[in-house]
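> okay, here's the prediction I keep looking at, along with the sequence it came from:
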Amino acid sequence: MSLVRVALPLPLPRLFDYEALDACEGDVGRCVRVPFGNTEKTGLIVDCLSEPPPIQEGEKTPFEYKPVLSIDRSKPPLPADWLALVGFAARYYHAPLGQMVAVALPSVWREGEATALLPSNPWLALSPEGEEAIGDLRKKALRALLETLRETGPQRLEHLRASFPQALLREAQTTGWLKPLENAPERSSLSALAPEPVAEQIAVLAQLRAHLGKFRSFLLHGITGSGKTEVYLRCAQTVLAQGRQVLFLVPEIGLTPQFEARVRARFPDNHVVCLHSKIAPKRRVQGFFEAMSGHAELILGTRLSIFTPLKAPGLIVVDEEHDPSYRQHEGIRYSARDLAVWRARQWQIPIVLGSATPSLESWNHAHKGHYHLLQMHRRAHAKAVLPRIHLIDLTQQKVPEGLSPSLLRALEHRLLRGEQSLLFLNRRGYAPVLSCPSCGWASPCPHCSAHQVLHRADGRLRCHHCGTQAPIPRVCPSCGNSDILPWGQGTQRVEETLARHFPQARILRLDRDSAHTQGQWARFLDMIAQGQADMVVGTQMLAKGHDFPKVTLVGVLDADSALFSSDFRAPERLFSQLMQVGGRAGRAEHPGEVLIQTRHPAHPLFACLQKHDYAGFAALTLKEREMALFPPFSFQALLCVQAPAIETAMAFLEKAMACLPHAQVTALRVYDPVPMRMMRLAGRERAQLLIESDTRAALHRFLLEWLPGVYAVRRDTGVSWHLDVDPLDL
Ligand SMILES: [Zn+2]
Ligand SMILES: [Zn+2]
């Protein structure tokens with residue numbers, strides 16, 4: 001009797017056994033269709049048993065196993081190292097394996113019809129039959145194609161497409177005169193237009209190259225403009241020349257179209273696949289397959305690409321490793337950066353975590369010697385200097401419309417000199433609140449504990465958390481007062497204010513309302529680069545990895561909200577954002593200036609920022625965290641519950657508290673259940689329970705003992721819960 005053990009995408013921490021007479025060891029890692037209750041489901045075979053597991057106490061014998069419906073053998077089975085990764089992720093994040101598989105595996109791979117996948121861009125070589133046929137060929141075009149291949153050796157299909165029609169290429173393949181190669185031919189990667197590396201880059205590269213083929217975590221701390229990308233690309237070039245693959249993680253591909261283009265241009269001979277959530281499911285599955293079969297040498301992707309199987313991995317790069325978008329915030333929570341380090345160890349290859357402002361977790365690892373710290377302190381462009389950073393003390397200046405007189409003067413100077421300015425404000429819309437001065441009504445969202453934001457351009461009030469919208473009321477809905485006013489500044493309002501002050505200026509607004517497609521975004525970036533805008537107002541989208549060589553002034557309008565936030569990570573995020581935004585200024589020959597409006601100019605964060613002193617800021621903040629026993633000096637897990645009413649959510653957590661394993665509780669701190677900071681979201685009310693431990697091991701031992709009890713807690717209708725291990729937001 002043959003049984004397969006199947007991981008099904010269900011919120012249950014267990015696997016399911018089915019009978020499969022023809023199954024063998026080789027089916028482990030394949031998708032399988034099975035009956036489940038009254039329906040069918042697709043799962044992944046994670047084990048194959050030749051006999052049924054021993055009968056458990058209290059079970060009836062013999063157990064009737066249902067037979068599988070079909071095993072999808074059209075695709076290759078997922079490799080053992082991939083199953084090990086998903087297994088580790090499921091254990092570490094305490095998630096059901098089947099749900100982890102559902103996150104890691106593209107949906108088309110699981111649910112799509114059983115079709116074989118073929119590489120989209122194979123190497124084609126002239127076959128012996130083709131060689132023989134050349135002499136007798138009448139058709140000139142076909143002969144030219146075969147002769148080209150005879151001269152140049154194997155070529156990429158995509159390359160050939162540039163010179164030969166599709167039909168001809170197909171004909172040459174169906175006749176068997178051109179054959180796809182299983183493995184890429186050995187040749188060094190072409191590297192066009194590479195700038196000469198500077199001394200710091202050369203030193204860093206030497207370190208990295210010395211560790212190829214071995215596991216080592218490097219933290220590359222390089223200031224903006226120091227040329228980290230060039231280091232990645234040169235190191236990748238060495239790895240590719242050894243016939244190995246490179247996995248390249250970036251925070252958001254959509255915002256950095258130039259980056260993908262740069263990688264493709266740099267390695268014209270290599271097949272690059274791009275994996276992120278915005279690409280079509282079929283293309284994602286194709287990229288997944290090409291990485292797994294070795295046809296793609298460079299895999300460029302966002303957090304989900306950490307689950308890409310690679311045939312011959314050689315290097316992992318995580319760019320902007322501090323970026324919160326490496327963390328999955330919905331469904332099964334995981335950190336792609338942390339999994340990347342695990343993966344590098346599993347594969348015994350080096351990993352480079354790069355950033356101008358590393359996460360304090362990584363910085364702490366580097367200082368404890370777990371990561372090897374590499375530093376680049378100089379801008380690669382010899383003439384480029386770091387921007388000067390000045391604070392505008394808002395307690396000394398009136399700012400009726402969010403823009404201080406000093407900032408307005410600086411903007412005017414730039415306009416007169418024909419230089420670009422950039423204004424950074426992390427609030428889109430016209431005003432964050434529409435308020436009634438007589439009764440205190442403040443455009444509340446009916447479904448969230450948040451205000452609806454005023455969008456004057458299209459006449460709507462909009463909740464940025466749940467998307468609910470409504471027309472702008474003419475009078476206060478609560479007291480009927482007709483004098484309701486926008487309160488505070490959003491990007492639209494700043495744009496309007498600027499237009500009034502500088503009627504002659506060309507002003508561009510960049511946020512998710514003005515640029516919601518990748519194409520629009522790329523066009524805006526282009527316009528800025530071409531000098532078609534004098535002033536740009538935008539949200540943090542602006543800060544992500546773009547060069548604006550003509551920008552000489554950056555104004556920061558709302559730095560203060562993060563300084564005294566109840567979220568202990570807020571200052572870290574603010575510092576890194578301000579460093580990034582500042583890094584946009586003065587990247588070419590023009591020296592840049594950053595002006596920050598604040599009511600707290602004496603805050604130590606600003607002192608570090610003005611000196612461009614990340615290390616100083618990190619030391620200061622780590623000291624505070626150590627005293628407060630916050631991560632990275634403690635390890636946390638958060639049990640979050642959502643319910644129609646807060647009482648129900650709290651009641652669930654009380655019940656979960658009741659099944660805490662008593663023996664363990666002394667080793668850690670279990671806090672009382674509390675409503676979440678933003679209690680109501682999209683009509684659901686939320687509460688949380690925080691568990692904190694001095695060691696990672698104790699935390700995981702505790703969770704392992706506790707969670708079966710939590711699963712067993714009887715849930716009232718509408719209650720759902722999830723566990724967040726190493727949460728980023730509390
Ligand atoms: Zn009112
Ligand atoms: Zn809402």
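Noted; the coordinates are in hand. Ligands and ions are numbered 1, 2, ... in the order given.
> CA only for contacts and neighbour counts going forward, please
Noted.
> what mean pLDDT does stretch 380-397 have?
Mean pLDDT, stretch 380-397: 83.
> just stretch 576-588 next, same as before
79.
> CA-only coordinates of that stretch, as PDB, when you get a sec.
Extracted C-alpha coordinates of stretch 576-588, given in PDB (Å, rounded to 0.1, in the frame of the first residue of the first chain):
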ATOM      1  CA  SER A 576      16.500  56.100   7.200                       C
ATOM      2  CA  GLN A 577      13.800  58.000   5.200                       C
ATOM      3  CA  LEU A 578      15.400  61.300   5.800                       C
ATOM      4  CA  MET A 579      18.800  60.000   4.900                       C
ATOM      5  CA  GLN A 580      17.300  58.500   1.700                       C
ATOM      6  CA  VAL A 581      15.400  61.700   0.800                       C
ATOM      7  CA  GLY A 582      18.600  63.700   1.500                       C
ATOM      8  CA  GLY A 583      20.500  61.400  -0.700                       C
ATOM      9  CA  ARG A 584      18.400  62.600  -3.700                       C
ATOM     10  CA  ALA A 585      20.000  66.000  -3.500                       C
ATOM     11  CA  GLY A 586      23.300  67.000  -5.000                       C
ATOM     12  CA  ARG A 587      24.200  63.700  -6.700                       C
ATOM     13  CA  ALA A 588      25.900  65.300  -9.600                       C
END
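> pull the longest helix from this structure.
Longest helix in the chain, counting residues (DSSP state H): helix 696-712.
> tell me the pLDDT of whatever residue of the stretch 251-400 of the chain ends up closest to ligand 1.
Across the stretch 251-400 of the chain, no residue is closer to ligand 1 than Pro400, which sits at 22.7 Å (Cα to the ion). Looking at Pro400, its pLDDT is 81.
> wasn't it part of a strand?
No. According to DSSP: H, G, I helix; E, B strand; the rest coil, Pro400 belongs to no strand; its state is coil.
> for it, the count of nearby residues, please.
Neighbours of Pro400 under the rule other Cα atoms under 10 Å: 9.
> phi, psi for it please.
The main-chain torsion angles of Pro400 are listed as degrees, to the nearest 10 and equal phi -60, psi -30.
> ok so, going back, adjacent strands (with direction) for the helix or strand following the longest helix of the chain?
Later in the chain than helix 696-712, the nearest helix or strand by DSSP states H and E is strand 720-725. With DSSP bridges as the test, strand 720-725 is paired with strand 635-643 (antiparallel).
> where does pLDDT dip in the chain?
Residue ranges of the chain with pLDDT under 70: 1, 57-62, 113-116, 184, 186-193, 254-256, 382-384, 545, 586-589, 663-666.
> please report phi then psi for the residue of it most remote from its centre.
In the chain, Asp136 marks the outermost C-alpha relative to the chain mean, sitting 55.1 Å out by Cα atoms, centre = their mean. Main-chain dihedrals, Asp136, degrees, to the nearest 10: phi -90, psi 0.
> what about it, distance to Thr148?
The gap separating Asp136 from Thr148 is 16 Å, by Cα to Cα, to the nearest Å.
> cool, Val273 as well?
26 Å.
> what about Val108, how many neighbours?
There are 15 residues near Val108, going by other Cα under 10 Å.
> noted, bye for now.
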